[in-house]
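>>> the amino acid sequence is not available; the structure is as follows:
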């Protein structure tokens, strides 16, 4: 399904359910470092900001990749990493203006939300606050 | 292969400055689950009868739940256990936040702190690397400052910290341990144990760790169905929207809102004490979730103008509003937010702090405390100035604060007269804010609670029949929904025992009690499935409830070893002898000894405990696999 994640950090409770369900869905186990979504927090002021790819139109991550290892999926519009081409230079991580790209130190590849193939698992565990929503788009913006 | 647990107990010996790891085996998980259960077994094994809770012989155990670190709903809780300084008995405390997840992900199912350091230290757990560090510069600092300094020193904003404030350092008998800034392992003086060991803080980075489960697909299915059931529960959305203090208006209207030191259960005007009023009034700034939480009942509030401008903290919770507010005759929510901020920052349990202050206000009213004792301070009901000043004096053990810091039982002995009658405590712990004169399951549960009269061992909210789900729970336990009434002695033992079992399981799994005993999305069936698919160890509903009972019975045995008898299982004097002032017309206004005895007899029978002594019988212990306690009882 074609769409993108919309983040409302005003209502994020910082529970980390999304972080764990993300790594569990993708890797089969629970882990902070393997999650494609990270919660940046200022606990003293109870501020929580989900950092995740929001599939921006410009996609500076795609533009900056000298290896052409990143591309937009034709069906979902999500940014996909071609692990064979990726050299682990982290330029895409630095280029993202939203802090939405993580990095897997173990595999030396960027961690970018792939929208779980069109049905993001994180949405399901954010039912009450709806800090992350899935917005369907009519067309894939490539 | 280990699933859902890491297989490691981390030991820290402060007297010898040694750190070592011990294997946590599968049998321990099968018999005690994790969290509270594992902590109960370790405390039994590693402490001796009669030790001083504030001596080096006591140990301090931090135990994340079995499901902590997964996406199981509300699974991020931690149990903190020791022999308790307020009661000299078993002490289980529990906290939310994210410290539990960090510790578990760093690779530890349990952290056991032993001995006493000769200088202030903090523990730095950086995934597999663990070290004790000098904390001279942290000693004397409060919670916000300690967190800030540690994050700067360790150059990591994402660490999780458990620490004590001034109250813990000064061994106040109701000092808390604060985790993730504003979540508290609060009751019974657990922070004083940490302070006595001179360990200021534990900082954890667990971001490199991972955790798997035995049957990922099945586990995920049960988690999904548990989340669905919780989302649909009648009160879940209300908890999310308005927090634990949401119904204060209604409770006040029903005359079950403890105020004026339990003399009354009603205030003329509750002002904006109800959580329902905070969003519109501008006090509520954020809703805060603990690990994998769906409710986010925790609040973050601040005051933006007026006398208390600039106050901000996590909470206040229902208990805090009743203890620091109504209990002291205060209905100004801004003063409560300020007092709550102070307690959180000094590391004080808000329930006992409010309780000891309202006890002092009543003692002042009755002439047992005078301005000579208080250095000129007028401890009048409703005095916000007295509340704020006393909180600081208690944490610093200054003047009258030094007496109050010992808790109401000891303070009443020092002040004398009949002040013990309005010390609303049993076993040395101040009662949490439930009007038990009209809620009999609660009264029974409070009387037998190993840590004293408190709701966070056995939350019997269902007896009020406040939601369709609650009524169904009562029907399941008793066979008839007609027992979903709070002021009846019938079937109370059955209701209490079911709640004890499920609560012990929740604590051991690391689940918030809101999932099992306030809303009812996770029952014994789902608990058993979560356990089985997480660990790969076979489990069913009956056996997991028996496991809950095993944990509770072991805690009971700890207290029996300390000399506790059935005679100690009572309600506070005021609850047993004085009716609420404002309910003169009530036919049955107190929990009499006779009433309590009927319920206790049934309760002992159900448990297989001797009715005269309150001791579990040999047969009961054998049935639960606890024969090993017999040689010490």
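Noted; the coordinates are in hand. Fair warning: this is a prediction, and the values are worked out from it, not measured in the lab.
>>> when you work out contacts or count neighbours from here on, use the C-alpha atoms and nothing else.
Will do.
>>> which stretches of the chain have low pLDDT?
Reading this off chain A. Chain A contains residues with pLDDT under 70 at A:1, A:139-142.
>>> wait, chain B was what I had in mind.
B:581-588.
>>> residues of it that sit close to chain A?
When proximity is defined as C-alpha under 8 Å from any C-alpha of the partner chain, chain B approaches chain A at B:69-71, B:105, B:144, B:158, B:180-181, B:207-213, B:216, B:227, B:231, B:237, B:240, B:286-296, B:300, B:313.
>>> what residues are up against residue 23?
This is for chain A. A:29-32, A:34-36 (C-alpha atoms under 8 Å, 6 or more residues apart in numbering or on different chains).
>>> nope, chain B please
Residue B:23 neighbours (C-alpha under 8 Å, 6+ apart): B:7-9.
>>> ok, back up a step: just the ones of the residues of chain B next to chain A in strands?
B:210-211, B:286-288, B:300, B:313 (DSSP state E).
>>> turn those into TSV, including neighbour count.
Putting these into TSV (neighbours: other C-alpha atoms under 10 Å in any protein chain shown) gives the following:
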residue	neighbour count
B:210	21
B:211	22
B:286	22
B:287	26
B:288	28
B:300	22
B:313	24
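>>> return the backbone torsion pair for the residue in the stretch 501-633 of chain B that chain A sits nearest to.
Per C-alpha to the nearest C-alpha, residue B:534 is where the stretch 501-633 of chain B lies closest to chain A, at 11.2 Å. Residue B:534 has phi and psi values of phi -80, psi -40 when expressed as degrees, to the nearest 10.
>>> which residues in the stretch 401-550 of chain B form helices?
Per DSSP state H, counting those that start in this stretch, the stretch 401-550 of chain B carries helices over the ranges B:408-415, B:440-448, B:468-478, B:492-509, B:524-535, B:541-561.
>>> which one of those helices lies closest to residue B:41?
helix B:541-561 (7.5 Å; C-alpha to C-alpha).
>>> neighbouring contacts of that closest one?
Residues from elsewhere that reach helix B:541-561, judged by C-alpha under 8 Å, 6+ apart: B:31-33, B:36-37, B:40-41, B:44, B:49, B:89-90, B:450, B:500-505, B:524-528, B:615-616, B:624-626, B:629, B:632-633.
>>> separate out the buried members of those residues.
B:31-33, B:36-37, B:40-41, B:44, B:89-90, B:450, B:500-505, B:524, B:526-528, B:615-616, B:624, B:626, B:629 (16 or more other C-alpha atoms under 10 Å in any protein chain shown).
>>> okay, now the closest residue in space to residue B:463 that isn't next to it in sequence: neighbour count?
Counting by C-alpha to C-alpha, 6 or more residues apart in numbering or on different chains, the nearest residue to residue B:463 once its immediate chain neighbours are dropped is residue B:484, at 4.7 Å. Other residues near residue B:484 come to 24 when the count uses other C-alpha atoms under 10 Å in any protein chain shown.
>>> residues in contact with residue B:484?
Here residue B:484 is in contact with B:462-465, B:470-471, B:474-475 (criterion: C-alpha under 8 Å, 6+ apart).
>>> what's the farthest-apart pair in those residues?
Pairwise distances across the contacts of residue B:484 peak at 12.5 Å for B:464 and B:475 (criterion: C-alpha to C-alpha).
>>> how far off centre is the top helix by length along chain A?
In chain A, assigned by DSSP state H, the helix with the most residues is helix A:17-27. Relative to the chain's own centre, helix A:17-27 is displaced by 11 Å; criterion: C-alpha atoms, centre = their mean, to the nearest Å.
>>> buried stuff in it?
A:17-25.
>>> nearest to chain B among those?
Taking the buried residues of helix A:17-27 together and measuring to chain B by C-alpha to the nearest C-alpha, the closest member is residue A:17, at 4.3 Å.
>>> thought the closest one was touching residue B:68?
No: using C-alpha atoms under 8 Å, residue A:17 is not in contact with residue B:68, being 11.3 Å away.
>>> name the residues contacting each of these two.
residue B:291.
>>> need the three-state assignment for the residue of chain B most remote from its centre.
When distances are taken from the C-alpha mean of chain B, residue B:372 lies farthest, 35.5 Å away, according to C-alpha atoms, centre = their mean. The local conformation at residue B:372, judged by DSSP: H, G, I helix; E, B strand; the rest coil, is coil.
>>> check the gap between it and residue B:83 for me.
Counting by C-alpha to C-alpha, to the nearest Å, the gap from residue B:372 to residue B:83 is 36 Å.
>>> just among the contacts of residue A:23, which is most surrounded?
residue A:34 leads the contacts of residue A:23 on contacts (other C-alpha under 10 Å) with 28 neighbours.
>>> which non-adjacent residue is nearest residue B:577?
residue B:590 (6.2 Å).
>>> I'd like the distance between the one you found and residue A:53.
60 Å.
>>> and the two? which has more neighbours close in?
Ranked by neighbour count (other C-alpha under 10 Å), residue B:590 and residue A:53 place residue A:53 first, with 27 against 19.
>>> contacting residues around that one?
Contacts here follow C-alpha under 8 Å, 6+ apart; on that basis residue A:53 touches A:5, A:37, A:98, A:100-101, A:112-113.
>>> ok, residue A:13 touching residue B:286?
Yes: look at residue A:13 against residue B:286 with C-alpha under 8 Å: they come within range, at 7.4 Å.
>>> residues near residue A:57, how many?
Neighbours of residue A:57 under the rule other C-alpha under 10 Å: 8.
>>> confirm that it sits in a strand.
No: per three-state DSSP, residue A:57 lies outside any strand segment and is coil.
>>> would you mind measuring from it to residue B:341?
44 Å.
>>> equivalent analysis for residue B:273, please.
16 Å.
>>> compare those two (neighbour count), which wins?
Neighbours around residue B:273 and residue B:341, counted as other C-alpha under 10 Å, are more numerous at residue B:273. The numbers are 27 against 22.
>>> so the more buried one: helix, strand or coil?
Here residue B:273 is coil, with the state taken from three-state DSSP.
>>> surely it and residue B:332 touch.
Yes: Residue B:273 is within contact range of residue B:332, at 7.1 Å (criterion: C-alpha under 8 Å).
>>> which outside residues touch stretch A:56-71?
Residues outside stretch A:56-71 that contact it (C-alpha under 8 Å, 6+ apart): A:79-87, A:91-93, A:95-96, A:141-142.
>>> looking at those residues, which is nearest residue B:258?
Nearest member of those to residue B:258, counting by C-alpha to C-alpha, is residue A:96, at 53.7 Å.
>>> residues near that closest one, how many?
18.
>>> now do the contacts for it.
A:59-61.
>>> buried ones in the strand or helix carrying residue B:606?
Residue B:606 is located in helix B:593-607, with elements delineated by DSSP states H and E. Using 16+ other C-alpha under 10 Å as the test for burial, helix B:593-607 gives B:596-597, B:599-604, B:607.
>>> and the residue nearest to residue B:577, which of the three is it?
Applying three-state DSSP: residue B:590 is coil.
>>> that one and residue B:362: what is the separation?
Relative to residue B:362, residue B:590 is positioned 20 Å away (C-alpha to C-alpha).
>>> one step back: from the contacts of residue A:53, which land in strands?
residue A:5.
>>> ok, and the most crowded of the contacts of residue A:53?
Highest neighbour count within the contacts of residue A:53, by other C-alpha under 10 Å: residue A:37, with 27 neighbours.
>>> so which elements touch the host helix or strand of residue B:44?
Following DSSP H and E, one finds residue B:44 within helix B:35-46. Packing partners of helix B:35-46 (3 or more C-alpha pairs under 8 Å, 6 or more residues apart in numbering or on different chains; DSSP states H and E): helix B:26-32, strand B:60-64, strand B:78-83, helix B:492-509, helix B:541-561.
>>> report the buried residues of the helix or strand that comes right after the third one.
Read it as strand B:78-83. Counting by DSSP H and E, the element after strand B:78-83 in chain order, helix or strand, is strand B:90-95. Under the neighbour-count criterion of 16+ other C-alpha under 10 Å, strand B:90-95 has B:90-95 buried.
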